[in-house]
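A.B. asks: please work out how this folds:
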Amino acid sequence: MSIFEYNGSALVAMVGKNCFAIASDRRLGVQLQTIATDFQRIFRIHDKVFIGLSGLGTDVQTLYQRLVFRHKLYQLREERDMKPETFASLVSALLYEKRFGPYFCQPVIAGLGDDDKPFICTMDSIGAKELAKDFVVAGTASESLYGACEAMFKPDMGPEELFETISQALIASVDRDCLSGWGGHVYVVTPTEVTEKILKGRMD
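C.D. replies: Numbers count the residues shown, from 1 in each chain. Model (predicted):
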């Protein structure tokens, strides 16, 4: 078993019209044994940039703390929040720095940039970026997430439709992966508000 699959995870980000959604499952397991059903994988960096971290649970928490520290330093020095593209480069550099003993995480970054244009990207554990214009996925459920998102995604969705689409894709996908599940956690972000919702899923 890969160390990336040890705790199980499902993570997806999707773009809409001047908005984006990012969602994850809530299970923390040790292989097939469930430890917690409310594990947080999506973190708010500021109101327009979110990061989801799939992979090893301990590294998820460590990496998040280091990223918050770096972002706060940036805010103090620049007196503004980071753009999503800048934040993605920061995450990439931080991971590449540790390439000989990497964090066992695959980040998914989503944000609203200039003119409220949505930005999403993912990367591997040593920071090789992959940009997308529709959706990105990560975690043990990524194969079934690709299929569900390909089938359900359409361009220029509004916030309500985007929430419905990403939720259905997540719930359908985690049912096909025994290492992730136990409900979902969804953020829908528009230029004016952040909506957070908890999804109920199969509890087996």
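A.B. asks: number of nearby residues for residue 66?
C.D. replies: 14 (other C-beta atoms under 10 Å). Every residue, glycine included, has its C-beta placed from N, CA and C.
A.B. asks: gap between residue 4 and residue 57?
C.D. replies: Distance of residue 4 to residue 57, computed by C-beta to C-beta, to the nearest Å: 11 Å.
A.B. asks: next one: stretch 39-49 to chain centre, how far?
C.D. replies: Mean C-alpha position of stretch 39-49 versus that of the full chain (C-alpha atoms, centre = their mean, to the nearest Å) differs by 8 Å.
A.B. asks: quick one: end-to-end length of it, please.
C.D. replies: Taking C-alpha to C-alpha, to the nearest Å, stretch 39-49 runs 20 Å from one end to the other.
A.B. asks: contacting residues around residue 8?
C.D. replies: Residue 8 is in contact with 25, 27, 28, 29, 139, 140, 177, 178, 179, 180, counting by C-beta atoms under 8 Å, 6 or more residues apart in numbering.
A.B. asks: which residue, neighbours along the chain excluded, lies closest to the third one?
C.D. replies: Closest residue to residue 28 in three dimensions, ignoring its sequence neighbours and counting by C-beta to C-beta, 6 or more residues apart in numbering: residue 39, at 3.7 Å.
A.B. asks: the one you found: what secondary structure?
C.D. replies: coil (DSSP: H, G, I helix; E, B strand; the rest coil).
A.B. asks: remind me, longest helix of the chain?
C.D. replies: Ranked by number of residues, the top helix in the chain under DSSP state H is helix 57-78.
A.B. asks: need phi/psi at residue 20.
C.D. replies: Backbone torsions of residue 20, given as degrees, to the nearest 10, read phi -150, psi 160.
A.B. asks: from memory it sits against residue 14, does it?
C.D. replies: Yes: the pair residue 20 / residue 14 is scored as a contact, 6.7 Å apart, by C-beta atoms under 8 Å.
A.B. asks: let's see whichever strand or helix holds residue 164 as PDB, backbone CA atoms only.
C.D. replies: For residue 164, the element it lies in under DSSP states H and E is helix 159-174. Provided in PDB are the C-alpha atoms of helix 159-174 (Å, rounded to 0.1, in the frame of the first residue of the first chain):
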ATOM      1  CA  PRO A 159     -23.100  28.900  -7.400                       C
ATOM      2  CA  GLU A 160     -26.200  26.800  -6.700                       C
ATOM      3  CA  GLU A 161     -25.700  24.600  -9.700                       C
ATOM      4  CA  LEU A 162     -22.000  24.300  -9.000                       C
ATOM      5  CA  PHE A 163     -22.700  23.100  -5.400                       C
ATOM      6  CA  GLU A 164     -25.200  20.500  -6.700                       C
ATOM      7  CA  THR A 165     -22.700  19.200  -9.300                       C
ATOM      8  CA  ILE A 166     -19.700  19.000  -7.100                       C
ATOM      9  CA  SER A 167     -21.700  17.400  -4.300                       C
ATOM     10  CA  GLN A 168     -23.200  14.700  -6.500                       C
ATOM     11  CA  ALA A 169     -19.800  14.000  -8.000                       C
ATOM     12  CA  LEU A 170     -18.200  13.600  -4.600                       C
ATOM     13  CA  ILE A 171     -20.900  11.400  -3.100                       C
ATOM     14  CA  ALA A 172     -21.000   9.200  -6.200                       C
ATOM     15  CA  SER A 173     -17.300   8.800  -6.200                       C
ATOM     16  CA  VAL A 174     -16.600   8.000  -2.600                       C
END
